[in-house]
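[1] Pasting the sequence and the predicted model now:
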Amino acid sequence: MPEATASAARGTATAAPAAATATPGARAPRTEEGSQALLRRLEWTVLRRLDGLLQGDWRTLRRGHGVDLADLREYQVHDDVRHIDWNVTARLQVPHVRQFTEDRDLTAWFLLDLSGSVDFGSADVTKLAVSTGFVTALARMLTRRGNRVGAMFYGARVDDVLPPGTSRLHVLNLLERMRAPRAAPSPRGGASPAAGPGTALADLLGTAEAAMRRRSLVFVVSDFISAPGWEPVLARLAQRHDVVAVRLYDPLEMALPEIGLVTVEDAETGEQLFIDSADPAFRARYAALAEEQEARLREALGSSGADTLELATDEDLLEALLRFVDLRRQRSRLKTPARFPAHLKR
């Protein structure tokens, strides 16, 4: 199989029996659990354990009133005498005052990839279900602290924008929009040359780059199965905002199951291929291409300057969030970021 064909089979469709393939553009059926019930369950099972762990992690670049020491400088006439550091003053024989990192409300944005490839899962849980749980839990946790949360939704294009809000009803609105059916992308033959077939993640990132004027916390929630060109846009976004790339993946995307002759379908373009998954040579080529694509993706995310959180369909969401919170708390204590955009590396 040519490299492009094998990559397409893995890239957007991911091997699955023909009987189980979905109509292009169709969304996963809504679960029996409604939006209200889902949010209530997440509040009890996830938020109660995470409650308070993120408080104080969000900082601005400005100096002001807070509890975290930012710097020391010489005392000036207008300074508050309560901020004098008497130990430093005694050592240097010159009055010095403490400066603190200012505490303030946060604006967070979720850039949500809801294209066809996200609606896949080799077991009972799809990448879309993992994305829904993560976004709902984190959005509710942020809004409970008075922070504002907004979202951009990408199906075949950026088809919806939810302005930032703070209420519980706002989070329910976000959840409903995530679960709403979305339009199918154009077929491969009818796709415009500019957008290319399937997902063009650069469109979502570019729209966000133009729309977000104020420095924000940005979560890019996607499986990053997309046409090329999103890497430099993500790097530019990370220079101005605090960006977290939340990568969704399924274990089946890395290893083709040995299930014999099957038909695989591209979930975004509808292209179908008939393959022999029991052929050792084919499975070896598939694994090699998957490993190569994985390495390129990790390198692109690592050089973008964004933090990376990986969420697998077979992993407990709460454990992943706890590890991520711990990582953010450790990184917040560092004076120098551990990761830089590629053009700033020396």
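    Perfect, I can see it now. Numbers count the residues shown, from 1 in each chain.

[2] ok, Gly121 touching Asp250?
    Yes - counting by C-beta atoms under 8 Å, Gly121 touches Asp250, with 5.8 Å between them. To be clear about C-beta, it is placed using only N, CA and C from the backbone, and glycine gets the same treatment.

[3] Between these two, which contacts overlap?
    127, 313 (C-beta atoms under 8 Å, 6 or more residues apart in numbering).

[4] how far away is Leu201 from Arg98?
    44 Å (C-beta to C-beta, to the nearest Å).

[5] got it, and Leu322?
    Going from Leu322 to Arg98 by C-beta to C-beta gives 33 Å.

[6] So for Leu201 and Arg98, which sits in the more crowded spot?
    Between Leu201 and Arg98, counted using other C-beta atoms under 10 Å, Leu201 has the larger neighbour count: 24 against 16.

[7] list the contacts for the more buried one?
    113, 154, 222, 224, 226-227, 230.

[8] Identify those among those that sit within strands.
    Using DSSP state E, the members of these that fall within strands are 113, 154, 222.

[9] What are the neighbouring residues in contact with the nearest residue to the first one once chain neighbours are set aside?
    If the residues on either side of it in the chain are set aside, Asp113 comes closest to Ser222, at 3.4 Å by C-beta to C-beta, 6 or more residues apart in numbering. Contacts of Ser222 were listed using C-beta under 8 Å, 6+ apart, and they are 111-113, 118, 201, 245-248.

[10] Show me where the stretch 101-250 of the chain has its strands.
    107-113, 148-154, 158-165, 217-222, 242-249 (DSSP state E, counting those that start in this stretch).

[11] where does the stretch 201-346 of the chain dip in pLDDT?
    329-346 (pLDDT under 70).

[12] Can you show me the helices along it?
    201-211, 230-240, 280-303, 317-332 (DSSP state H, counting those that start in this stretch).

[13] May I see the ones you listed arranged in JSON lines, with distance to Arg168 as well?
    Formatted as JSON lines, these follow (distance: least, C-beta to C-beta, whole Å):
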{"stretch": "helix 201-211", "distance to Arg168": "25"}
{"stretch": "helix 230-240", "distance to Arg168": "29"}
{"stretch": "helix 280-303", "distance to Arg168": "32"}
{"stretch": "helix 317-332", "distance to Arg168": "19"}
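
[14] For Thr89, give me its contacts.
    75, 95-96.

[15] Now list the buried members of those residues.
    Buried members of these, scored by 16 or more other C-beta atoms under 10 Å, are 75, 96.

[16] re earlier: okay, the contacts of Leu201 in JSON lines with distance to Ser216 next?
    Output for the contacts of Leu201, formatted as JSON lines (distance: C-beta to C-beta, whole Å):
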{"residue": "Asp113", "distance to Ser216": "18"}
{"residue": "Tyr154", "distance to Ser216": "18"}
{"residue": "Ser222", "distance to Ser216": "18"}
{"residue": "Phe224", "distance to Ser216": "21"}
{"residue": "Ser226", "distance to Ser216": "22"}
{"residue": "Ala227", "distance to Ser216": "26"}
{"residue": "Trp230", "distance to Ser216": "19"}
